[in-house]
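[1] got a structure for you, letters missing:
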């Protein structure tokens, strides 16, 4: 079995109102100097596979087809 | 003209849409279920609003990958008219039938109110019964209606007249770029919009400003 972590983040230049709200909330809790917060998503996957190269290619295809919206999001795939 | 309505689990504006199409066209639309791989021979396909698949992952993301949406894409490629309202618009951008993306409202709040819409292009299959620049009333109800597209896509949309509806008179409810409320595809046969014209079609609704959109699409004279 191969375990993988996919991280999806917003592209630069895409507004992130949720990140902004979190940034303000952190300021309200007294954490000064938080310049920016960008919210993203993490997916942990378990694949019934042994071929790491194929698993990585499959994971990228999963990101392109569903896990990320590449109009607004970037993704990284890490085997763990 | 014949119409179809796509049904997906979690949509909740389907009955309103079916009622509107029935009242305006004089016959009920056929319904298409999420797993249907073919859509009957119709002139207009409508994807109504709601919360398909609970808005999981991203609004419209799961619905866009269902067999029924593949069937919608096949019909759209053949020139059949498609309208996506609210969640339907989100599904159309997720499926790639329309460019851009719909992000969380800048207020972070679910917005349910009436807005003013300007007819930004009255020369489309969906707006020909309106006057250019006409301002109409229309209800909105959404949490993720903040239209976004990269600079290149936006320039192309604006240059081609693909922006069809704009929020007018300072009523932009979601922070949408260039006040965009609705766009059409490059070929002009696929329309997506966040507002709900199906909820303003008769006196009982308090007005009929939304009727023109369906009458335009169904080829009914103004």
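    The structure has been received and is ready for your questions. Bear in mind the structure is a predicted one, so any value in this text is a computation, not a measurement.
[2] direction included, what does the lengthiest strand in chain A pair against?
    Looking across chain A with DSSP state E, the single longest strand is strand A:2-10. The pairing partners recorded for strand A:2-10 under DSSP bridges are strand A:41-47 (antiparallel), strand A:73-79 (antiparallel).
[3] which parts of the first one are buried?
    Spelled out, that is strand A:41-47. Across strand A:41-47, burial judged by 16 or more other C-beta atoms under 10 Å in any protein chain shown covers A:43, A:45, A:47. Any C-beta I mention is one placed from the backbone N, CA and C, and that applies to glycine too.
[4] again, but for the last one
    When neighbours are counted by 16+ other C-beta under 10 Å, the buried residues of strand A:73-79 are found to be A:73, A:75, A:77.
[5] again with stretch B:180-200
    For stretch B:180-200, by 16+ other C-beta under 10 Å, it's B:180-185, B:188-200.
[6] among those residues, which are located in helices?
    Among the buried residues of stretch B:180-200, no residue falls in helices (DSSP state H).
[7] write out the residues of chain B neighbouring chain A.
    B:57-58, B:61, B:65, B:93-94, B:99-101, B:103-108, B:146, B:148-150, B:175 (C-beta under 8 Å from any C-beta of the partner chain).
[8] which SS class is residue A:65?
    helix (DSSP: H, G, I helix; E, B strand; the rest coil).
[9] against residue B:52, how distant is residue B:140?
    18 Å (C-beta to C-beta, to the nearest Å).
[10] neighbour count winner among these two?
    Between residue B:140 and residue B:52, residue B:52 has the larger neighbour count (other C-beta atoms under 10 Å in any protein chain shown), namely 29 against 24.
[11] mind pulling up the pLDDT for that one?
    Turning to residue B:52, the model gives it a pLDDT of 97.
[12] quick one: whichever helix or strand comes after the longest strand of chain A near chain B?
    Moving toward the C-terminus from strand A:2-10, the next helix or strand (DSSP states H and E) is helix A:17-28. Yes: interface with chain B: helix A:17-28 contributes A:17, A:18, A:21 (C-beta under 8 Å from any C-beta).
[13] contacting residues around the helix or strand of chain A with the lowest mean pLDDT?
    Sorting the helices and strands of chain A by mean pLDDT, DSSP states H and E puts helix A:17-28 at the bottom, at a mean of 92. With contact meaning C-beta atoms under 8 Å, 6 or more residues apart in numbering or on different chains, helix A:17-28 is reached by A:10, A:34, A:36-39, B:103-108, B:146, B:175.
[14] got the buried residues for it?
    A:17, A:20, A:23.
[15] just stretch B:115-135 next, same as before
    Using 16+ other C-beta under 10 Å as the test for burial, stretch B:115-135 gives B:115-122, B:124-130.
[16] from those, pick the one nearest chain A.
    Nearest to chain A out of those is residue B:115 (C-beta to the nearest C-beta; 18.8 Å).
[17] which element is that closest one on?
    strand B:111-119.
[18] what's in contact with the following helix or strand past that strand?
    Note on strand B:111-119: by DSSP H and E, the next helix or strand toward the C-terminus is strand B:135-142. The contact list for strand B:135-142 (C-beta under 8 Å, 6+ apart) reads B:49, B:86, B:105, B:110-119, B:130, B:168-169, B:173-174, B:194-197, B:199-200, B:207, B:209-210, B:212.
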